[in-house]
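Participant: A predicted structure for the sequence below; I have some questions about it.
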Amino acid sequence: MTIKTSNTGVVRSFVDAFNAADHQTMASCLAVELVAEVTQRDGSTKQVKSRDAYMNLIAQLDIGTVRPTLTITQIADVNKDQVLAMFEVRAVRKGRKLHNFAAYLMTIRGQQINRIWMVEALPEESDTFWSA
């Protein structure tokens, strides 16, 4: 999979790789020193430091089996280093369905995602879906 070079292109490449369960391409879109704020059940965030730690979180979702889909509903350059993207999230797992929305503010440096701030519309529902 070819990674696009514009800031929004890097984000789109990451999402395309996520939807394809292509862990190698996803990792290549992320900076080694990535810092991510990941939404928790109560709406707070937990900081995850490093590409490996973030990819470990993705591995726990078992996207190769579950095959969730992220659809970018809106994406915009905020400034020369940041992209704001809104996602629709859909998944089916163990007979249950997830339909949620999430926003990500991402800092792009050197054509890699360096920083992520994540918020979800329904964090408790996502947590219940992925943890059961």
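Facilitator: Right, received. Where do you want to start?
Participant: count of neighbours near the residue nearest to residue 68 when sequence neighbours are not counted?
Facilitator: Nearest residue to residue 68 in three dimensions, chain neighbours excluded: residue 91, at 3.5 Å (Cβ to Cβ, 6 or more residues apart in numbering). Yep, even glycine has a C-beta here, placed from its N, CA and C like the rest. Per other Cβ atoms under 10 Å, the neighbour tally for residue 91 reads 19.
Participant: Which residues does stretch 121-129 contact?
Facilitator: 39-43, 89, 91, 93, 96, 98, 100-102, 120 (Cβ atoms under 8 Å, 6 or more residues apart in numbering).
Participant: so how far is stretch 80-89 from its chain's centroid?
Facilitator: 10 Å (Cα atoms, centre = their mean, to the nearest Å).
Participant: Likewise for stretch 54-62?
Facilitator: Here stretch 54-62 is found 10 Å from its chain centre; the criterion is Cα atoms, centre = their mean.
Participant: Other residues contacting that stretch?
Facilitator: 18, 23, 26, 27, 30, 34, 36, 38, 48, 68, 116, 130.
Participant: Point out the other helices and strands that the helix or strand the residue nearest to residue 68 falls within packs with.
Facilitator: Taking DSSP states H and E as the definition, residue 91 sits inside strand 82-93. Counting contacts by 3 or more Cβ pairs under 8 Å, 6 or more residues apart in numbering; DSSP states H and E, strand 82-93 is packed against helix 7-19, helix 63-66, strand 69-77, strand 96-109, helix 123-131.
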